[in-house]
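> Need a 3D model of the following:
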Amino acid sequence: MNLKQYTVERDGFCGLFSPIEENRNAAVIVLEDGHPDSYHVKTAMKWLNRSGVSSMGVGPEKYMKGVHNWPLENVENAVRFLRSQGYDRVGVIGSSFGSNMALSAAARIPEITLTIALTPNDWVYWGIWNDKLDGTSERPAEGESAFTWRGKSLPYVPAPYKHPDYWNMFKKEGKQRGMSLAALDLHNLAEEKHPVTEDERIPVEKINGQLILAGAKDDVAWNTCRAISRMKKRLEESENSCNLEVLIYDHCGHFIFPESLMKLLLPKFLVDLILPRFFSDTKGYLKECRRSRIDLDEHIQAMIKEWSNHKKRH
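This next block holds a predicted model:
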């Protein structure tokens with residue numbers, strides 16, 4: 001890939017851009033809670049290129065060391081740049097925390113007409129630090145939302161614990177469940193201690209165009225199926241211009257990536273080794289997880305093809 005780099009200071013967003021000559025009509029932005037030069041983001045961009053669309057990775061600058069009061073205008077500026085380059089169709093895709101970024105941005109930027117949210121939650125996240133303070137991998141940003149919009153912090157669900165109890169409970173749950181990325185109890189407790197208000201929910205009814213919400217019942221990072229169900233109900237009960245597709249699988253864990261993307265990320269034998277290590281609930285269900293990823297891949301590829309082939313505006 002021939003990657004072009006963009007910075008907040010110069011361009012209004014931190015990003016990498018990988019255009020392809022075959023399609024100058026559609027581009028998809030990969031959103032993640034880390035700097036866009038990560039292996040995961042660049043691999044997702046390569047996968048999007050192979051899927052027939054130009055791609056861009058957007059995320060926080062490295063000095064932020066996490067996502068806390070991150071301006072969603074970064075995404076808006078990236079969308080405006082792509083539109084200025086002639087891209088008539090602009091979409092976003094995110095998984096895990098990145099899906100929170102994708103949904104929150106798409107609900108506020110009407111030019112986004114394709115939104116793919118993998119293992120999403122339906123409320124705005126608390127701000128997070130990934131600065132390794134006291135040996136932690138993650139800690140809540142006290143008093144900060146994950147995102148801002150037009151200079152104001154978005155209302156958010158606060159973390160159920162402060163530092164260092166937050167990370168201690170994170171590790172405790174992981175040990176109890178036998179997996180390193182388990183936080184289901186932590187997120188359930190967040191909703192119990194602070195019942196989610198209307199302002200804190202992501203207004204998915206404001207999203208335009210195509211929307212995919214995908215999750216698995218055995219996800220123990222958070223209850224994504226419950227969140228997807230609430231978003232589906234919200235859309236059914238509101239007027240909107242959103243074409244929703246919900247994909248729920250019995251087995252796939254939190255790493256619910258399309259199979260062709262997973263093959264780019266890791267060799268097959270490593271997928272079978274690593275998946276159960278991070279998410280022990282997938283043990284014994286490797287074939288089922290693979291079938292889920294293949295089905296997800298087919299649905300996403302079909303939607304990208306239909307969306308990107310939309311006739312260019314005149």
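> Quick check: bridge partners of the closest residue to residue 95 other than its chain neighbours?
The shortest distance from residue 95 to any non-neighbouring residue, by CB to CB, 6 or more residues apart in numbering, is to residue 118 (3.9 Å). To be clear about C-beta, it is placed using only N, CA and C from the backbone, and glycine gets the same treatment. As for beta bridges, residue 118 partners with residue 95, residue 214 under DSSP bridges.
> I'd say residue 118 and residue 214 touch.
Yes. Counting by CB atoms under 8 Å, residue 118 touches residue 214, with 5.2 Å between them.
> which residues do these two both contact?
residue 256 (CB atoms under 8 Å, 6 or more residues apart in numbering).
> Tell me the secondary structure of the nearest residue to residue 192 once chain neighbours are set aside, please.
In this structure, residue 192 finds its nearest non-sequential neighbour in residue 160, 7.9 Å apart by CB to CB, 6+ apart. Here residue 160 is recorded as coil under DSSP: H, G, I helix; E, B strand; the rest coil.
> Just list what the longest helix along the chain packs against, helices and strands only.
In terms of residue count, the longest helix belonging to the chain (DSSP state H) is helix 286-308. With contacts taken as 3 or more CB pairs under 8 Å, 6 or more residues apart in numbering; DSSP states H and E, helix 286-308 sits against strand 26-31, strand 89-95, strand 112-118, strand 209-216, strand 242-249, helix 259-265, helix 268-278.
> residues making contact with the second one?
The set of residues external to strand 89-95 that reach it, using CB under 8 Å, 6+ apart, is 25-32, 44, 48, 53, 75, 79, 82-83, 100-103, 105-106, 111-119, 209-210, 256-257, 304, 307-308, 310.
> go on, the first one?
By CB under 8 Å, 6+ apart, the surrounding residues in contact with strand 26-31 are 15, 19, 36, 41, 44-45, 48, 53-59, 75, 78-79, 82, 87-94, 98, 101-102, 105, 114, 116, 304, 307-308, 310.
> Pull out the buried residues from these.
For the contacts of strand 26-31, a neighbour count by 16 or more other CB atoms under 10 Å gives the buried set as 15, 19, 36, 41, 44-45, 48, 53-59, 75, 78-79, 82, 87-94, 98, 101-102, 105, 114, 116, 304, 307-308.
> How about residue 76: what's its closest non-neighbour residue?
Using CB to CB, 6+ apart, the closest residue to residue 76 is residue 109 (5.2 Å).
> Please read the previous query as pertaining to residue 35.
Residue 35's closest residue in space is residue 62 (CB to CB, 6+ apart), at 4.8 Å.
> between the helices and strands packed on helix 286-308, which one is nearest to residue 144?
Among the helices and strands packed on helix 286-308, strand 26-31 comes nearest to residue 144, with 18.5 Å by CB to CB.
> centre of the chain versus that closest one, how much separation?
Strand 26-31 sits 12 Å away from the centroid of its parent chain (CA atoms, centre = their mean, to the nearest Å).
> Would you mind getting the angle between it and helix 286-308?
130 degrees (axes from the mean of the first three to the mean of the last three CA atoms, to 10 degrees).
> What's the mean pLDDT across strand 26-31?
The pLDDT scores in strand 26-31 average 98.
> quick one, it and strand 89-95 angle?
Angle, strand 26-31 to strand 89-95, by the same axes, to 10 degrees: 30 degrees.
> Past strand 26-31, which element shows up next along the chain?
Once the chain leaves strand 26-31, the next helix or strand it forms, by DSSP states H and E, is helix 39-50.
> which helices and strands does that following helix pack with?
On a contact count with 3+ CB pairs under 8 Å, 6+ apart, helix 39-50 meets strand 15-18, strand 26-31, strand 54-58, helix 259-265.
> Swap in 6 Å and give it another go.
strand 26-31, strand 54-58, helix 259-265 (3 or more CB pairs under 6 Å, 6 or more residues apart in numbering; DSSP states H and E).
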